[in-house]
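Q: Build me a structure from this.
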Amino acid sequence: MINIKRISDGTDTAGAFVDEEDALLATDTSKTDTSYPILPEGIMDMEIVSVTKVEAKLKEGQTKPGKNLEIKMKTTVAKIPYGGQGDEIQAGFPVTTYISLTESEKYTKSGIEKSLASFTQSIDRTAAGVLPLDQWAGRMAQVKVSYKKESGGFPPGNNFRFVPLKATS
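A: Sure, this is the predicted structure:
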């Protein structure tokens with residue numbers, strides 16, 4: 001238990017004891033930086049946490065939503081510098097990327113197959129397919145990280161692309 005002196009709306013709570021979670025809830029968040037760390041560009045190994053098939057958001061002109069393969073990963077490098085101010089991302093930092101499973105005019109079945117092959121081959125050159133999805137958890141993938149500019153009201157961030165492992169002779 002900790003003693004909270006003042007909460008963000010100015011209410012005096014001197015002498016009132018609340019738990020640590022209440023202390024966090026009473027924090028003035030108006031000046032808290034909510035930007036997401038941006039990983040440096042390059043190729044890095046990431047551990048696959050989970051792979052699931054999820055429904056995509058309904059896009060304009062669609063009558064039913066598409067499907068995506070949602071791939072949750074985490075960084076494995078102990079400390080990754082970012083932001084240029086001595087900030088570091090610790091190992092285990094979570095990232096998520098998606099592979100669309102829905103064809104469109106610009107994204108054909110062949111394009112989907114190439115994206116899925118890049119994913120599986122970034123982990124295991126001999127993988128015959130993506131199913132079962134739970135086989136990927138805990139495995140390492142080779143991922144190309146690139147910078148994504150601010151767009152459409154979304155802040156800058158990262159793009160993630162799977163890099164097939166080189167064939168061994």
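
Q: According to the record, where do the domains of this structure fall?
A: 1-31, 42-162 (automatic domain parsing).

Q: Flag every buried residue along stretch 51-66.
A: Neighbour counts using 16 or more other Cβ atoms under 10 Å place Val51, Gly66 of stretch 51-66 among the buried residues. To be clear about C-beta, it is placed using only N, CA and C from the backbone, and glycine gets the same treatment.

Q: And the contacts of the longest helix along the chain?
A: Scanning the chain for the longest helix, with DSSP state H as the assignment, gives helix 109-121. Residues outside helix 109-121 that contact it (Cβ atoms under 8 Å, 6 or more residues apart in numbering) are 69, 71, 99-101, 103, 127, 129-130, 141, 161-165.

Q: Show the buried residues in those.
A: Leu69, Ile71, Ile99, Leu101, Ala127, Val130, Ala141, Phe162.

Q: Report pLDDT for Arg139.
A: Listed pLDDT for Arg139 reads 97.

Q: Pretty sure it sits against Ile48.
A: Yes. Using Cβ atoms under 8 Å, Arg139 makes contact with Ile48 at a distance of 5.2 Å.

Q: Which one's more surrounded, these two?
A: Neighbour count, other Cβ atoms under 10 Å: between Arg139 and Ile48, Ile48 has more, with 20 against 14.
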